[in-house]
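Student: no sequence on hand, only this structure:
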């Protein structure tokens, strides 16, 4: 895998993923399902929900609908660049 990383960096992640699946199992590369009701049960007034996002993921719609169903108010804070902002 080291040689593969040196020669074909684009093939390193799939190779490492395959290695982990083969040796440890698929559970180690499959993200857990996004279950907002269960996540909400773990939060408190001093333990807020914090979402660390990757490109293409946006749980805001799920969060807004869930908040409406619980009759709760949410305060969303973005710590990154918004759409249309320049670096």
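Tutor: In hand now; what should we look at? Model, not experiment: these values are computed from the prediction. Numbering: from 1, shown residues only.
Student: mind listing the helices for this structure?
Tutor: For the chain, the helices defined by DSSP state H occupy 2-7, 12-23, 36-41, 60-70.
Student: burial measure for residue 66, as a count.
Tutor: Using other C-beta atoms under 10 Å, residue 66 has 16 neighbouring residues. C-betas here are computed from N, CA, C, even on glycine.
Student: pretty sure it is touching residue 36, no?
Tutor: Yes: the pair residue 66 and residue 36 qualifies as a contact (C-beta atoms under 8 Å) at a distance of 5.0 Å.
Student: what residues are up against the most centrally placed residue in the chain?
Tutor: Nearest to the mean C-alpha position of the chain, by C-alpha atoms, centre = their mean, lies residue 53 at 4.8 Å. Shown in contact with residue 53 (C-beta atoms under 8 Å, 6 or more residues apart in numbering): residue 59.
Student: from residue 43, how far out is it?
Tutor: Using C-beta to C-beta, to the nearest Å, one obtains 17 Å as the distance from residue 53 to residue 43.
Student: got it, and residue 77?
Tutor: In terms of C-beta to C-beta, residue 77 sits 15 Å off from residue 43.
Student: between the two, tell me which one has more neighbours.
Tutor: residue 43 (11 against 6).
Student: pLDDT score assigned to that one?
Tutor: As predicted, residue 43 sits at a pLDDT of 83.
Student: measure the closest residue to it other than its chain neighbours to residue 16 for me?
Tutor: When the adjacent residues along the chain are set aside, residue 43 lies closest to residue 49, with 5.1 Å between them (C-beta to C-beta, 6 or more residues apart in numbering). Distance of residue 49 to residue 16, given as C-beta to C-beta: 30 Å.
Student: same deal with residue 66?
Tutor: Applying C-beta to C-beta to residue 66 and residue 16 gives a distance of 35 Å.
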